[in-house]
Each structure stands twice: as C-alpha cells, then as structure tokens.
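*Asks:* quick one: sequence plus predicted model below, questions after.
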Amino acid sequence: MIDLVIVGAGPAGLGAAIAAAENGLEVCILDEFVKPGGRLLGQLHEEPDGKWVNGIAEAQKLYNRAVELGVDIQCGVSVYDLIELDNGWCVYTTNQAIESKCLLLATGASETAIPIPGWTLPGAMSIGAAQVMGNVHRVKPGEKGIIIGVNVLSVAIARELQLCGVHIESILLPQPSLISGNASNPEKMMESLLRLSHLAPSPLIRFGGKWVSPKLGARLYPKNGFKMWGIPIQLRKTALEIVGENQVEGVRIADISAAGEVAAGTEKTISADFVCIAGGLTPMSELAAVAGCSFCYVPELGGHVPLHNEYMQTNLKGLYVAGNITGVESAKVAKTQGTVAGLSAARELNALMSSANEKINTAIAEVIETRRKALIQFQPGIEEARTFLHTRYYESEGEMISV
C-alpha cells in the first residue's frame with residue numbers, strides 16, 4: 001500500500017505530488033491523457049507585464065520536479081472505480097487496482113455544451129477542443145472560425161487561436177433558450193466581458209471596463225461590437241444555426257436587443273470553416289460521487305462541488321480534492337491548492353514532523369493571495385463562495401456528530 005494516489009496530472013495534481021514527496025511520501029499520479037500537465041498544456045498567453053506564459057513549459061517544470069522526487073506518474077490510465085477501505089482507499093484503473101493510505105482527486109473541469117442546430121456537423125467543436133488542437137497538437141482547427149459564447153474562456157482562447165495563425169471572424173452569443181440561459185443574455189455577458197477589460201489592448205476598453213455598468217454597457221454596446229486584438233466581440237448578435245452540407249460552412253446570425261430578443265428581418269449568414277461553442281466549465285466530480293462524498297451546489301464555483309474545508313479534506317477520511325474539481329479557477333490557484341492537499345495528506349500520515357500547522361497555514365495563505373492576484377476570475381464572488389463552502393463543511397461535521 002502506497003502513501004498517496006493522485007487522480008489527475010494537471011497543476012493541482014502535480015503540485016500536490018511535489019509537496020507530498022518533498023515530505024517523504026510515496027506518491028503515484030494517474031491521468032487518462034497521454035501527457036502530464038492537464039489544462040496547462042493548452043495555455044499560451046501574455047501577462048499585463050508583457051511576460052508570456054507557456055503552459056507546456058510550466059507543465060514540464062512541474063513534471064521534472066515530481067520525477068526528481070521519485071513520483072510515479074502513469075499517463076494513459078483511466079480510473080473507473082474507488083472503494084474506501086478500513087485503512088485507506090482502493091483505486092481501480094484500466095491497468096490495475098492500487099491501494100493507498102490517502103487519495104487525492106484532482107480531476108479538473110469539463111466543458112458545458114450548448115446545443116445549437118447544426119452542432120453535429122464536422123468542424124463544430126467545443127472551445128477547449130480547439131485550444132488543445134492548436135496549442136497542444138499544433139494543428140489548426142481551421143482557417144476562419146466563429147466562436148459562439150462570450151465568456152472568460154472564449155475570449156482567452158480566441159486570442160490563443162489567433163496566435164496559432166487562425167482568423168477569428170467574431171465571438172457572439174448563442175440563441176436564447178432554456179439551456180443557454182444567461183449565456184444568451186447581453187447584460188449578463190457584459191458582466192463577464194467587463195471582468196476581462198483589463199486584458200484589452202485598447203486603453204478605451206480598459207477605462208470603460210472600470211466605470212460602465214453591465215446594463216448600461218449592454219444597451220450602449222454597438223451592434224458590430226468592440227474589437228480585442230482585432231477580434232469582434234458581438235453582444236448584440238446571436239447564432240441561430242450552424243450551416244453546411246457535409247461540414248461547417250458558416251453560421252446564420254441575427255441582431256438582438258439588450259434584453260436578448262431577436263430582431264426580425266436581421267438574419268444573415270456569415271462564412272466560416274469551423275465553429276467553436278463556448279458554454280463554460282463545470283467541476284468534473286464523478287469520481288467524488290462514486291467515492292460517496294457529500295456535495296454542495298455553489299453557482300460561483302461552477303456547480304456541484306465536493307464538500308471540503310480549507311485543508312482540501314472532504315468528509316471522507318483520507319480523501320482530498322484540489323483544483324477545478326473544487327470550483328473553476330485559474331491553473332495557478334489549482335497548483336497552490338494542490339500544495340495544501342499534499343501537505344495535509346503528509347500531516348495525516350505523520351510525515352510533517354515539525355511545524356506542520358505552520359507549513360499548511362502558509363500554503364493556505366498562498367492560495368488566498370494567488371486567488372486575489374488572479375489575472376482572470378471565471379465568476380464573481382469566488383472568495384465569498386469559498387467561505388460559504390468551508391462553513392458548510394464544518395456545519396455538516398457538527399450535524400454528523402450530533403446524530
């Protein structure tokens with residue numbers, strides 16, 4: 001039986017493995033992808049100070065450190081079941097069953113789909129799939145694309161696709177429907193866009209992002225949109241249908257009001273050879289459910305997340321979570337959460353012989369500071385949501401004790 005099994009080789013999993021192995025734990029990481037790094041592998045962006053962040057290079061640094069510490073990293077391996085034992089966990093994989101004293105789930109997040117007529121045509125894909133094609137596999141998803149969905153993810157990846165030599169014709173909203181919900185509402189999407197205004201190359205947009213309210217901004221927003229890096233972001237146009245015979249040939253669009261109502265007689269078709277659908281992210285928590293974790297629904301964190309405290313401990317002994325499974329945030333936050341989880345597991349196994357609480361509290365403070373300085377916030381109110389979640393964890397513990 002090894003000390004710690006980690007499911008997920010992204011920034012959270014690698015960060016946890018490094019922290020645990022530095023304190024003497026025997027660690028094994030499992031990941032279904034062929035390379036370690038998780039979502040880091042697809043990231044390529046410029047920070048406000050002009051420094052470029054290359055996710056592949058960052059992932060390699062973490063991987064090299066983990067290997068140097070003796071961490072066993074197994075890629076191309078899927079986990080399909082978890083069973084709690086009297087003294088730990090049994091993890092069932094496509095290769096073998098592995099028993100461990102502690103288990104960390106760092107499975108990340110999955111994309112939320114928004115069904116649109118024509119979305120099954122070849123050339124229609126999720127925004128994340130286009131990012132992986134371009135930044136990981138170095139394959140263009142097409143020459144001219146349209147992105148349906150205006151949010152943090154779509155704007156960031158649009159810029160990455162542009163750096164791959166792809167022309168992005170426009171980023172626009174999905175058609176109003178029960179499924180698209182707020183994603184089709186110009187005012188709600190204006191809130192998301194204003195949170196990205198500090199990244200804009202235009203001083204006018206950066207200035208406006210500080211002072212314009214979402215409601216006023218949506219009403220004053222020009223029908224042809226504003227451009228960021230030359231890419232039109234159009235909150236007053238909606239995608240009605242992806243069109244094409246045997247593959248994507250374009251998108252049928254229409255003008256909409258600030259409230260999201262389609263304007264009759266404004267329909268037209270714009271050409272494209274691929275379309276990306278950006279519906280947002282939600283925590284990938286299936287394995288936590290299989291394990292028997294309690295859950296809490298927190299919209300600011302992306303949906304249902306495993307109940308856990310600031311030490312990344314769930315309500316099940318020896319089971320920890322870190323990264324986007326705990327709520328959708330940046331890769332930097334995920335890595336710091338992983339460090340906390342790795343140290344917490346080491347403390348549980350009595351491997352932190354001195355200053356255990358001080359080390360973990362310092363790591364928790366680093367999570368808070370990294371979150372505060374995050375370049376991109378996927379949702380507003382994340383800090384308050386985290387406080388609510390941790391409070392609910394301790395309340396549930398009290399309820400269990402009283403029973």
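*Replies:* The structure has been received and is ready for your questions.

*Asks:* which residue packs closest to Gly10, ignoring adjacent ones?
*Replies:* Gly38 (2.2 Å; Cβ to Cβ, 6 or more residues apart in numbering). Quick note: C-beta positions are derived from backbone N, CA and C, even for glycine.

*Asks:* and that neighbour, how far from Gly24?
*Replies:* As judged by Cβ to Cβ, to the nearest Å, Gly38 and Gly24 stand 25 Å apart.

*Asks:* between these two, who's got more neighbours?
*Replies:* Neighbours per residue, other Cβ atoms under 10 Å: of Gly38 and Gly24, the larger number sits with Gly38, 28 against 14.

*Asks:* tell me who's in contact with that one.
*Replies:* 8-13, 31, 59, 108, 323, 331 (Cβ atoms under 8 Å, 6 or more residues apart in numbering).

*Asks:* okay, it: pLDDT?
*Replies:* Listed pLDDT for Gly38 reads 91.

*Asks:* could you do Ser170 as well?
*Replies:* On the pLDDT scale, Ser170 gets 94.

*Asks:* for Glu47, same thing?
*Replies:* With respect to pLDDT, Glu47 has a value of 70.

*Asks:* which residues touch it?
*Replies:* Residues near Glu47 by Cβ under 8 Å, 6+ apart: 53, 375.

*Asks:* returning to what we had before: format the contacts of Gly38 as TSV; extra columns: secondary structure, pLDDT and distance to Gly134.
*Replies:* Listed next are these as TSV, based on DSSP: H, G, I helix; E, B strand; the rest coil; pLDDT from 0 to 100; distance: Cβ to Cβ, whole Å:
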residue	secondary structure	pLDDT	distance to Gly134
Gly8	coil	97	23
Ala9	coil	97	21
Gly10	coil	96	19
Pro11	helix	97	20
Ala12	helix	98	24
Gly13	helix	98	24
Asp31	strand	97	21
Ala59	helix	94	16
Gly108	coil	95	19
Gly323	helix	97	23
Ala331	helix	92	17
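
*Asks:* pull the most distant pair out of those residues.
*Replies:* Asp31 and Ala331 (15.1 Å; Cβ to Cβ).

*Asks:* how about low-confidence regions in the stretch 301-403 of the chain?
*Replies:* Of all residues in the stretch 301-403 of the chain, those with pLDDT under 70 make up the ranges 398-403.

*Asks:* can you pull out the strands in it?
*Replies:* With DSSP state E, counting those that start in this stretch as the criterion, the stretch 301-403 of the chain has strands at 303-306, 319-321.

*Asks:* pull the number of nearby residues for Val152.
*Replies:* 21.

*Asks:* again with the one 4 residues further on
*Replies:* When neighbours are counted by other Cβ under 10 Å, Ala156 registers 19.

*Asks:* tell me which other helices or strands the strand or helix carrying it touches.
*Replies:* Assigned by DSSP states H and E, Ala156 falls within helix 152-163. Under the contact criterion of 3 or more Cβ pairs under 8 Å, 6 or more residues apart in numbering; DSSP states H and E, helix 152-163 touches strand 44-46, helix 127-131, strand 144-148, strand 167-174, strand 231-243.

*Asks:* can you lay out those as JSON lines showing mean neighbour count and distance to Gly70?
*Replies:* Below are the helices and strands packed on helix 152-163 laid out as JSON lines (neighbours: other Cβ atoms under 10 Å; distance: least, Cβ to Cβ, whole Å):
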{"stretch": "strand 44-46", "mean neighbour count": "17", "distance to Gly70": "30"}
{"stretch": "helix 127-131", "mean neighbour count": "24", "distance to Gly70": "32"}
{"stretch": "strand 144-148", "mean neighbour count": "25", "distance to Gly70": "43"}
{"stretch": "strand 167-174", "mean neighbour count": "22", "distance to Gly70": "44"}
{"stretch": "strand 231-243", "mean neighbour count": "22", "distance to Gly70": "45"}
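
*Asks:* the ones you listed: which one's closest to Leu307?
*Replies:* helix 127-131 (26.7 Å).

*Asks:* for the strands of the stretch 301-403 of the chain, which one ends up most surrounded?
*Replies:* strand 319-321 (a mean of 28; mean count of other Cβ atoms under 10 Å).

*Asks:* okay, now the domains of this structure?
*Replies:* According to automatic domain parsing, the chain comprises the domains 2-110+282-402, 113-279.

*Asks:* Glu111 bridge partners, please.
*Replies:* Under DSSP bridges, the beta-bridge partners of Glu111 are Leu281.

*Asks:* for it, the count of nearby residues, please.
*Replies:* Neighbours of Glu111 under the rule other Cβ under 10 Å: 17.

*Asks:* got it, and the one 3 residues further on?
*Replies:* Neighbour count of Ile114, defined by other Cβ under 10 Å: 22.

*Asks:* ok, for it, nearest residue in space, not its chain neighbours?
*Replies:* Gly279 (4.2 Å).

*Asks:* do the same with Glu300
*Replies:* Ala385 (3.8 Å).

*Asks:* the helices and strands packed on helix 152-163: which one's closest to Ala264?
*Replies:* Going by Cβ to Cβ, the one of the helices and strands packed on helix 152-163 nearest Ala264 is strand 231-243, 12.1 Å.

*Asks:* now Ile116: which helix or strand?
*Replies:* For Ile116, there is no enclosing helix or strand under DSSP H and E.

*Asks:* thinking Leu240 is in contact with Ile253, fair?
*Replies:* Yes. Taking contacts as Cβ atoms under 8 Å, Leu240 lies within contact range of Ile253: 6.4 Å.

*Asks:* what touches both of those two?
*Replies:* By Cβ under 8 Å, 6+ apart, Leu240 and Ile253 have these common neighbours: Glu267.

*Asks:* isn't the residue nearest to Glu300 up against Gly303?
*Replies:* No. Contact criterion Cβ under 8 Å: Ala385 and Gly303 do not qualify, at 11.5 Å.
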